[in-house]
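Q: Okay, predicted coordinates and the sequence, questions at the end:
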Amino acid sequence: MRTCRLVTLGCKVNQYETQLVKEALLRADFREASESEPADLCIVNTCTVTENADSRGRQVVRQLARENPGCQTIVTGCFATHDPDFVARLPNVIEVVPDKRELPDVLLRLGVAEFPTGISRFDGHKRAFVKIQDGCVLRCSYCIIPHVRPRLESRSPEDIEEEVRRLIDFGYEEIVLTGIHVGHYGVDTTRGRSGRTPFRLWHLLQRLDRIPGPWRLRLSSIEAAEVSDDFISAAASCEHLCPHFHPALQSGSDTVLARMRRRYRVAQFLESVAKLHDRLPNPALSTDIIVGFPGETDDEFEQTLDTCRKARFMKIHVFPFSRRKGTRASLMPNSVAAPIKKARCRELTRQEAELTRRYSATLIGSEVEVLVEGQSTTRPGFVQGTDRRYVTVELPGNSRDFGHLVRGLAHFSGGNDLVANRLSAPYQASVFDSDCVESRPLSE
């Protein structure tokens, strides 16, 4: 039996796509090589969002060549799309696949006759990601992704529903919808086609919500410009959808947003956020912020801090700006000095901690539903996971709870996290239990 090794770099979409390839290989009688065993075939799914991501991709391919002498390496993903000629020269690379739609044909030459249309499990995770679309047609000045994934392509709602049902049947109790630009789901299927009834993201949410059972649905992200009245109405009516949304702000300054070529300004963003707060019960909002964009002044950064307070984010992913060759921003003057960027990142991170504490405190005394992901590292006899609003919660439990939804009553905020009394009864063994025959170590 031939052995394989798969390495994934980058986003949730890449992780999903690697699982798809893995299932194709296992159906073709490959098996995953053990940690100390050389592999016959290595597949690397790369990222190119930053220069560091490219560097990491090069390192991984070279390391695999050293540790798996004589292996055949296939490289795909965004770095392979961005610079296929360079990737092809790396050691042991037999094939570069710039377009992942060509992967079935490439694998067919290696004896992989069947390529699945969706995944059946999501190894290494307590929650399962489901890719619903690919591609981005926007041209934000800092982002390289539209250059390497420029084609909008939405999966059919039938395929998505079938995959979600299959994953729920396997035992996953949280499904995360992901894509390159999730809010553009369905745009490509009706653009320029008169007479076609639009089927957009909110229609998909409503369709999936009809799947019965004790499971929940989460969105990986959505642009504020796509938080329409139709979307909010659907979100408010969906029983399974978590009231946690991730609209990427990137900057809270209108002048910086203009240089970023974002599609909204601060007032529009805050209006979308206000609508979510008005229609949904205590929604949780997280976001991304780029600190130190070219030309960012002290005043523009202060505007960002103020906007984050007004938006009442419960979590902020802070990224110092890094020039990406091939983007408009890489050519912009007035770079922000590294020490200033570091100081601003620290200040924004401090503010995030305060916003998280404030939001967590609003849940004290409320019932929480927690997807258990592991043992608590600070409280013996407790497990930890995330509730519907993506707040970390600890409550009494053991390994049999891993991967399950457990109800609790929040009674204490331990800084940024919550501690809860358990309301759910203990679970029996499951595929996520480390004592089960079928299970394997899982991590998020």
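A: Received, thanks. Residues are numbered from 1 along each chain as shown.
Q: Enumerate every residue touching the nearest residue to Gly183 once chain neighbours are set aside.
A: The shortest distance from Gly183 to any non-neighbouring residue, by C-beta to C-beta, 6 or more residues apart in numbering, is to Glu226 (3.4 Å). To be clear about C-beta, it is placed using only N, CA and C from the backbone, and glycine gets the same treatment. Glu226 sits next to 183-184, 201 when contact means C-beta atoms under 8 Å, 6 or more residues apart in numbering.
Q: buried stuff in the one helix or strand Ala267 maps to?
A: Ala267 is located in helix 266-279, with elements delineated by DSSP states H and E. For helix 266-279, a neighbour-count test (16 or more other C-beta atoms under 10 Å) marks 266, 268-270, 272-273, 276 as buried.
Q: outside of it, which residues touch it?
A: If you take C-beta under 8 Å, 6+ apart as the criterion, helix 266-279 is touched by 224-225, 227, 229, 232-233, 235-236, 245, 247, 249, 252-254, 257, 264, 283, 285, 303, 307, 310-312.
Q: And what about Cys143, helix, strand or coil?
A: Assigned with DSSP: H, G, I helix; E, B strand; the rest coil, Cys143 falls in the coil class.
Q: Domain map for this protein?
A: 3-108, 128-361, 364-444 (automatic domain parsing).
Q: For the worst-scoring helix or strand of the chain on mean pLDDT, name the packing helices and strands.
A: One helix or strand of the chain scores below all others by mean pLDDT, DSSP states H and E: helix 187-190, with a mean of 85. Using 3 or more C-beta pairs under 8 Å, 6 or more residues apart in numbering; DSSP states H and E as the contact definition, the elements that helix 187-190 packs against are strand 153-154.
Q: Sort out which residues of the following helix or strand past the strand it packs on are buried, please.
A: Elements were assigned by DSSP H and E; along the chain past strand 153-154, the next helix or strand is helix 157-170. Along helix 157-170, the positions that meet the burial threshold by neighbour count (16+ other C-beta under 10 Å) are 157, 160-161, 163-168.
Q: And stretch 53-63, by the same measure?
A: Counting neighbours by 16+ other C-beta under 10 Å, the buried set in stretch 53-63 is 53-54, 56-58, 60-61.
Q: Might you calculate how far stretch 145-160 sits from the centre of the chain?
A: Centroid displacement of stretch 145-160 relative to its chain, using C-alpha atoms, centre = their mean, to the nearest Å, is 15 Å.
Q: contacts for it?
A: Residues lying outside stretch 145-160 but in contact with it, judged by C-beta under 8 Å, 6+ apart, are 48-49, 78, 81-82, 117-118, 130-140, 180-181, 184-189, 199, 203-204, 207-208, 326.
Q: how far away is the residue nearest to Gly183 from Tyr185?
A: 9 Å (C-beta to C-beta, to the nearest Å).
Q: Overlap in contacts, those two.
A: Among the neighbours of Glu226, those also in contact with Tyr185 (C-beta under 8 Å, 6+ apart) are Leu201.
Q: quick revisit: want to try CSV for the buried residues of helix 157-170, with pLDDT and distance to Asp29 as columns?
A: Converted to CSV, these look like this (pLDDT from 0 to 100; distance: C-beta to C-beta, whole Å):
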residue, pLDDT, distance to Asp29
Pro157, 96, 33
Ile160, 98, 29
Glu161, 98, 30
Glu163, 98, 24
Val164, 98, 28
Arg165, 98, 27
Arg166, 97, 22
Leu167, 98, 24
Ile168, 97, 28
